[in-house]
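Enquirer: What shape does this take:
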Amino acid sequence: MVKDAIKEPVEGGEEIVFRSKEKRKEMRDQRVSKALVRLFRYHPINEFEPFMESIGLKPSEYDSLLPRDLMFLADDETLLKNYHILCNYGVGRTKMGRIYRDAADVFSFGENVLVSKLQALEDLGFSKTSVIKLVISSPLILACDPSAEFKILQWLDDVGIERDWIGQFLSVRKSYNWRKMVEVPQFFSELGFNKEGFGKLIRKNPDFLLDGSGKVLFKAVSIMLKAGSGKQDLFNLFLDFPNVQARNFARNIMRGVLLLAEIGVSEEDIKKFVVSNASMLGSAPVKKANSILTNLSVGKKRLCKIIMEEPRQLMKYTFGSKLSRLPKCDRSSETTLNEKVKFLKSLGFVEGSDDMKKALKVFRGKGDELQDRYDFLVKTGFDPKDVVNMIKIAPHVLNQKINVLESKISFLVNETVYPLSSLVGFPSFLSFTVERAKARFLMYNWLRERGLATPNLALSSFLASSDKKFVKYFVEKHEMGHDVWENFKREVASTKKLALYFR
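Expert: I've put the predicted structure just below:
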């Protein structure tokens, strides 16, 4: 006790007294209390701010709702009375903020008005629990005429659904437009559903009414109409509607459409597929195309064929399903050979001839791929007969993909002085890489500018020779030839790397 005591002079005398820590703390608390009383006397707190926060509103939400001429809650007796009515009825305090935000007039109701409003909702057939959900999710119904707002209830009566049945599916996290809901039974009635059929449909799918107040349902209908569905198609769809929410149904349909488009299904075929398989397609979300192709280890054409021939296969490609690599196609070498023979015969090749044997020996592409590459060369500007002769001379040119052929022809036509027709006599040009051809052209042009190479040489003269012969007959014609040649090769290589980087 002696250690905790201190000596302090007493005002008005020289007497020294001892005071404990507890006494000093008590004195400080008294001084703080007096200071706070003085502060709040001249700087009072707006009591409406903590009240708004206590009922679940954020400052950004309640700032515009604060009364401009009041500071103390006790000054607004009407607000407090209605607040207590809602509390006593069972409305959660933190849920009242939504009511205040969307229907502030509720807290200005006069004597017994709010009580009568709540009772009117119960009189419509709703339980107390359902009424609480109603006023939180759709506060404006407290300021409206319930009989005008809930016309949907008459439809539910007609199909034998108890009024409070719908209450179990209400969510305080959503909002509902009850007047808009009546469009849903009207739609199904026009579609051909009788009262009994509509009743079964709503019991199975209450979200047709409640999810977006029918808006989500009509979004799904809109998708089907765009796909070409008729009235009977929609009737059959809803008669066998999958066990999913309308919102998820629409989302699943769109995922399926995107998958079909990415694997090459035409727009017309996608529409037919959606109309014919809507219930199945909307029942579960499918994986993305890249994921399916990678896990199955197949190409787009094969996946497209699998799905179009057996639509139910799509259900194996949904989220959560495990995909295993498919076995390679059972296509025999004989079938592949027959396709190539058929292609060559269509060009005029005689079966069993040396030209056909030569082509079949080097062809690596499938029959349809060879046909596509042939068609590309014709479209580029070659005469069909010239293309046939090119294939006879160098059949291996058709082993290259179209984009590769296109890049090589583009280089020749746009970056050299040689015309397209020069390839007729030397189709092997298409076998060389663009980098090889570009480096040799640069060297040849450099020599020609110095009078060391004959102008307009045949392409085969400086492209067909080996690297060793090219150096001997071209590069070594100038004393700086080797240095120039190496610079050209580095330039071409760096250009290729840059192109790959920005691809």
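
Enquirer: what's the burial count for the residue nearest to I402 when sequence neighbours are not counted?
Expert: Residue nearest to I402 in three dimensions, not counting chain neighbours: F376, with 4.9 Å by Cβ to Cβ, 6 or more residues apart in numbering. All C-beta atoms are positioned from the backbone trio N, CA, C, and that covers glycine. F376: 18 surrounding residues under other Cβ atoms under 10 Å.

Enquirer: Surely F376 and E406 touch.
Expert: Yes - the pair F376 / E406 is scored as a contact, 7.4 Å apart, by Cβ atoms under 8 Å.

Enquirer: Report the secondary structure element holding the residue nearest to I402.
Expert: helix 367-380 (DSSP states H and E).

Enquirer: which secondary structure elements does that helix contact?
Expert: If you count contacts as 3 or more Cβ pairs under 8 Å, 6 or more residues apart in numbering; DSSP states H and E, helix 367-380 packs onto helix 333-346, helix 384-393, helix 402-415.

Enquirer: taking those helices together, which one is wrapped up most tightly?
Expert: helix 384-393 (a mean of 18; mean count of other Cβ atoms under 10 Å).

Enquirer: ok, now which ones touch the residue nearest to D105 when sequence neighbours are not counted?
Expert: Excluding its sequence neighbours, the residue lying closest to D105 (Cβ to Cβ, 6+ apart) is A143, at 5.5 Å. Shown in contact with A143 (Cβ atoms under 8 Å, 6 or more residues apart in numbering): 103, 105-106.

Enquirer: Could you measure from A143 over to V106?
Expert: 7 Å (Cβ to Cβ, to the nearest Å).

Enquirer: swap in K342?
Expert: Distance from K342 to V106, by Cβ to Cβ: 80 Å.

Enquirer: quick one on the thing from earlier: tell me the spacing between the residue nearest to D105 and F51.
Expert: Counting by Cβ to Cβ, the gap from A143 to F51 is 21 Å.

Enquirer: What segments of the stretch 351-500 of the chain are helices?
Expert: Using DSSP state H, counting those that start in this stretch, the helices of the stretch 351-500 of the chain run over 354-362, 367-380, 384-393, 402-415, 422-425, 434-449, 459-463, 467-473, 481-501.

Enquirer: Now render these as a markdown table, adding distance to S137 and mean pLDDT.
Expert: Formatted as a markdown table, the helices of the stretch 351-500 of the chain follow (distance: least, Cβ to Cβ, whole Å; pLDDT from 0 to 100):
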| stretch | distance to S137 | mean pLDDT |
| --- | --- | --- |
| helix 354-362 | 73 | 84 |
| helix 367-380 | 59 | 86 |
| helix 384-393 | 71 | 90 |
| helix 402-415 | 57 | 89 |
| helix 422-425 | 74 | 89 |
| helix 434-449 | 66 | 89 |
| helix 459-463 | 78 | 85 |
| helix 467-473 | 80 | 88 |
| helix 481-501 | 56 | 74 |
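
Enquirer: For the helix holding F376, which outside residues touch it?
Expert: With contact meaning Cβ under 8 Å, 6+ apart, helix 367-380 is reached by 336, 339-340, 342-343, 346-347, 363, 365, 384, 387, 390-391, 398, 400-402, 405-406, 409, 420.

Enquirer: Let me see the contact set for V417.
Expert: Taking Cβ under 8 Å, 6+ apart as the test, what V417 contacts is N456.

Enquirer: And the pLDDT for it?
Expert: We note a pLDDT of 86 for V417 in this prediction.

Enquirer: What's the separation between it and L459?
Expert: In terms of Cβ to Cβ, V417 sits 11 Å off from L459.
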